[in-house]
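J.: for reference, the sequence and a predicted model appear below.
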Amino acid sequence: MKPLPPLLLLLWCLACRSPSEESLKGTAEVGFVAGSSSSTTPTASIPDDLVQRVQAAQALEDLLVIDRFVALDDAQVQLKAVDDAALVGQTIAVLDFGAQQISQYSLDGAFLRLIGRQGEGPGEYVRPRTIGRCYGDQLAVCDRGEIRVFDQNGVFQFATRLSPRVYPGRFFDWTHQDRLALIGVPMVNPRSPWHVLVDGSKPDFPILGGFGQRPALDNMPVSPAFSAFENLYDAFWVADPYSTEIRIYNRDGQLVTQQAGTHPAALKTDDWPKALENEQQFFEIYREKLITTAFLPWQGQVVVQRELQKTYGLGHEPGGYADILDRNGKTLRRNLKIMLPFRFFDQQGTTVLGAYDENILDMREPLIKKAYGEELFEKLKATGQLGTEKKALWVMTSP
């Protein structure tokens, strides 16, 4: 997920409030040693040649091999942006937040249909914020406190009826029917857990419990506008808001490990009390620091992208750094240079779906040629994305 623009982020952090809530029962996170793990899951053996590739790489682009680009047909529906995407069956569902619409395409990018429409009736949505593939290979849409489910053909199935104490935030995961994970639930009570597990297999959607310690800044709860969240290898990878710090939980909400970026420009949650003193300090810190912006499954491991916030709209060259971790959070490589920041959307089997920021691609053609070579650059150019309003996704194969 692409991070919020700095001004919106500041306003959200200062003004975000929810109705007073009761504290939910949850597991508190107490003390940790960076890199330690409470997981009992055995670590899979990593092939020696893969370790050598990771250590020899000069940039992340040396490791990621894009198979093809998918140009999305815009003849019938003009996309303003691809804000989220999901692989559902043999199709790609795309959320355009600005247009408040969800469209569906074939794996080759041919337009198939619009899914739902704006409204407040069955199968309609008011303000969809994010989409994701859920159990049964269906599409789940997070919309103003509810999650609406559609089948592979875009036919509405049902909407959640959650407890009034729980309001879905920006991220959720419903891979398993009996485990609906709501990440970053807005609550004022700092003792309330940050994330909530709900049993989605029962009609009343009972709350199973909460997990994650909710920090506060000067008695003000931090906005749950997480910059990155994914369910990877049946574990929840959560990036703390406005920082390089990440936590990994198992599917029951138990903390597996916690890590923070080691780069000198890494933004830490401890920076925020000072940043929130005034707007000038906020922008000085935010624009010159790295925050975690994406997780990406790769060859059975995880890429943690930490992106320079001065990349967007400020005339600076794009860039950032990545850590390569195994699926249990053990570090294989730190601070690997990123030339083109990415967005990861979904993985189905060995197919990984993502995108590059269209503004960066349009502005930095020589950089793309240098990073990927003439052949892959020509594939990207053939999508019609460069220098146009056309949108394209990339597809990568990863076991």
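T.: Arrived safely, thanks for sending.
J.: any idea which helix or strand comes after the one helix or strand in the chain whose mean pLDDT sits lowest?
T.: None of the helices or strands of the chain scores lower by mean pLDDT, DSSP states H and E than strand 26-27, at a mean of 40. Next helix or strand after strand 26-27 toward the C-terminus (DSSP states H and E): helix 48-56.
J.: which strands or helices does the next helix or strand after that next one pack on?
T.: The helix or strand immediately downstream of helix 48-56 is strand 68-71, counting by DSSP H and E. Packing contacts for strand 68-71, counted by 3 or more CB pairs under 8 Å, 6 or more residues apart in numbering; DSSP states H and E, involve helix 365-382, strand 392-397. No exception for glycine: its C-beta is placed from N, CA and C like everyone else's.
J.: ok, 6 Å please
T.: With contacts defined as 3 or more CB pairs under 6 Å, 6 or more residues apart in numbering; DSSP states H and E, the packing partners of strand 68-71 are strand 392-397.
J.: report how many residues lie close to G121.
T.: G121 has 9 neighbouring residues, counting by other CB atoms under 10 Å.
J.: ugh, wrong one, P122
T.: Look at P122: counted by other CB under 10 Å, it has 11 neighbours.
J.: who's in contact with it?
T.: F156 (CB atoms under 6 Å, 6 or more residues apart in numbering).
J.: if we use 8 Å, what do you get?
T.: P122 makes contacts with F156, A159, as judged by CB atoms under 8 Å, 6 or more residues apart in numbering.
J.: over to V94?
T.: L72, L79, V82, D84, A85, I102, S103, Q104, Y105.
J.: could I get those residues as JSON lines with neighbour count and distance to F111?
T.: Formatted as JSON lines, these follow (neighbours: other CB atoms under 10 Å; distance: CB to CB, whole Å):
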{"residue": "L72", "neighbour count": "23", "distance to F111": "8"}
{"residue": "L79", "neighbour count": "20", "distance to F111": "10"}
{"residue": "V82", "neighbour count": "21", "distance to F111": "14"}
{"residue": "D84", "neighbour count": "23", "distance to F111": "17"}
{"residue": "A85", "neighbour count": "25", "distance to F111": "14"}
{"residue": "I102", "neighbour count": "25", "distance to F111": "12"}
{"residue": "S103", "neighbour count": "23", "distance to F111": "7"}
{"residue": "Q104", "neighbour count": "22", "distance to F111": "8"}
{"residue": "Y105", "neighbour count": "21", "distance to F111": "6"}
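J.: for the residues you listed, which one is nearest R191?
T.: Nearest to R191 out of these is D84 (CB to CB; 31.5 Å).
J.: just the ones of the contacts of V94 in strands?
T.: With DSSP state E as the criterion, strands contain D84, A85, I102, S103, Q104, Y105 from among the contacts of V94.
J.: what is the burial count for L63?
T.: Residues lying near L63 (other CB under 10 Å) number 20.
J.: same thing with F283?
T.: F283 is flanked by 15 other residues according to other CB under 10 Å.
J.: am I right that it is in a strand?
T.: No. Counting by DSSP: H, G, I helix; E, B strand; the rest coil, F283 falls outside a strand, being helix.
J.: check it and give its pLDDT.
T.: At F283, the pLDDT value in this model is 70.
J.: that one and D240, how far apart?
T.: From F283 over to D240 the distance is 20 Å, taken as CB to CB, to the nearest Å.
J.: same thing with G200?
T.: For G200, the distance to D240 (CB to CB) stands at 26 Å.
J.: and for Y135?
T.: Distance from Y135 to D240, by CB to CB: 27 Å.
J.: the residue found closest to Q118 once you drop the neighbours it is linked to in the chain: neighbouring residues, count only.
T.: Sequence neighbours aside, Q100 is the residue nearest to Q118 in space, at 5.7 Å (criterion: CB to CB, 6 or more residues apart in numbering). Residues within reach of Q100, counting by other CB under 10 Å, total 15.
J.: is it true that Q100 touches G119?
T.: No. Under the criterion of CB atoms under 8 Å, Q100 makes no contact with G119, lying 10.7 Å away.
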